[in-house]
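J.: sequence first, then the predicted structure, then my questions.
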Amino acid sequence: MKKYVSDLLVNETERLHEDYVLLRLTDPQAPLPPMSPGQFVEIRVDESPSTFLRRPISIHYVDRERNELWLLVHIVGDGTRKLATLRKGDRLNCLYPLGHGYTVPDTPGQRVLLVGGGIGSAPLLYYGEQLLAARCTPYFLLGGRSRKDLLQLEEFCKLGEVFLTTDDGTAGMQGFVTQHTLWDNAAYDRIAVCGPKPMMKAVAHMAHERDIRCEISLENLMACGLGACLCCVEKDADGHHVCVCQEGPVFDTGRLGWK
């Protein structure tokens, strides 16, 4: 898939709460290029002296009607704090779309469970929309520490049935996503996961036990996004090193040997 470097225009910023901001970007001169759910954007952060490298951000959603690319930013350091200060009319230099995303089934009617932990829910919104377009049925299982960490719930509910877990019980079932009762009758054709690696490995194990194909999205450090720096390598099931930013970030768990 062709890559682009563009100064995208900020259409809108929305502070979801103190730790998260939603950026809606557009290209005022041309339609946004094709993008797959699970791909990501490398953002140049200007006017942040301590931020030397671009920051990788998952593609959260693509609104074709408004020609908008949505990015859900978790504010954790100087670079993301600078991104949170952007306002309507600002420009953001983006290298995109990068990597390989989730598989959209060729066969209609498949039931797909999308499991997200915290900010890991970000790429699952666009994936859910693409599954609907392929006449498949998405189900969302989203987990967080508390209710405030469950983001964009209204948007997810537009696409499919949503199940929730929180560590403190403030929304949905109390506990981890792996403890939700929906696993008692897990009649799904495939599972997609994004979130902390221990959570993804636990879900991959449950999928393997149920003989359900599972894809996960790794969040390894991706400094360049082009496979040049080798910061993001991961060992596969054969012990070979794979470059996450090029061959992923989405992998079938069988390739990684996660069982």
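T.: It's in. Numbering: from 1, shown residues only.

J.: run through this structure and note the low-pLDDT ranges.
T.: Applying pLDDT under 70 to the chain picks out residues 51.

J.: and it, what are its domains?
T.: 4-98, 111-219 (automatic domain parsing).

J.: tabulate these (CSV), appending distance to Lys259 and mean neighbour count.
T.: Every C-beta, even on glycine, is put in place using the N, C-alpha and C of the backbone. As requested, those are arranged in CSV below (distance: least, CB to CB, whole Å; neighbours: other CB atoms under 10 Å):
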stretch, distance to Lys259, mean neighbour count
domain 4-98, 22, 17
domain 111-219, 5, 19
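
J.: just want the most central residue of the chain.
T.: Pro123 (2.5 Å; CA atoms, centre = their mean).

J.: how about Cys232, what does it touch?
T.: Leu218, Asn220, Leu221, Met222, Ala223, Cys243, Val244, Cys245 (CB atoms under 8 Å, 6 or more residues apart in numbering).

J.: need the buried ones from those selected in ChimeraX.
T.: What follows is the ChimeraX syntax for the buried subset of those, where burial is set by 16 or more other CB atoms under 10 Å:
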select :218,222,223,243,244,245
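
J.: from the contacts of Cys232, which land in helices?
T.: Judged by DSSP state H, helices contain the following of the contacts of Cys232: Val244, Cys245.

J.: nearest to Gly257, of the contacts of Cys232?
T.: Distances from Gly257 to the contacts of Cys232, taken as CB to CB, are shortest for Leu218 (13.5 Å).

J.: isn't that closest one up against Lys235?
T.: No: if you go by CB atoms under 8 Å, Leu218 and Lys235 don't touch, sitting 11.4 Å apart.

J.: quick one, strands of the stretch 51-200 of the chain?
T.: 55-63, 68-74, 91-98, 111-117, 137-144, 161-166, 173-174, 190-194 (DSSP state E, counting those that start in this stretch).

J.: okay, those in CSV with distance to His180 next?
T.: Below are those laid out as CSV (distance: least, CB to CB, whole Å):
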stretch, distance to His180
strand 55-63, 23
strand 68-74, 23
strand 91-98, 32
strand 111-117, 9
strand 137-144, 6
strand 161-166, 5
strand 173-174, 6
strand 190-194, 13
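
J.: how close does the nearest residue to Leu124 once chain neighbours are set aside get to Arg190?
T.: Using CB to CB, 6 or more residues apart in numbering and skipping residues adjacent in sequence, the residue nearest Leu124 is Leu114, 4.4 Å away. Per CB to CB, to the nearest Å, Leu114 is found 10 Å from Arg190.

J.: same thing with Phe176?
T.: Counting by CB to CB - Phe176 and Arg190 are separated by 21 Å.

J.: repeat that for Asp46.
T.: Taken as CB to CB, the span from Asp46 to Arg190 is 40 Å.

J.: now do the contacts for Phe40.
T.: By CB under 8 Å, 6+ apart, the neighbours of Phe40 are Pro56, Ile57, Ser58, Ile59, Tyr96, Pro97, Leu98, Gly99, Pro123, Met222, Gly225, Pro249.

J.: now it: phi and psi?
T.: Dihedral pair for Phe40: phi -140, psi 170, per degrees, to the nearest 10.

J.: again, but for Lys201
T.: Taking degrees, to the nearest 10 as the convention, Lys201 sits at phi -70, psi -40.

J.: that one and Trp258 touch, don't they?
T.: Yes: using CB under 8 Å, Lys201 makes contact with Trp258 at a distance of 5.7 Å.

J.: hmm, back to that, and of the strands of the stretch 51-200 of the chain, who's closest to Pro37?
T.: strand 55-63 (7.0 Å).
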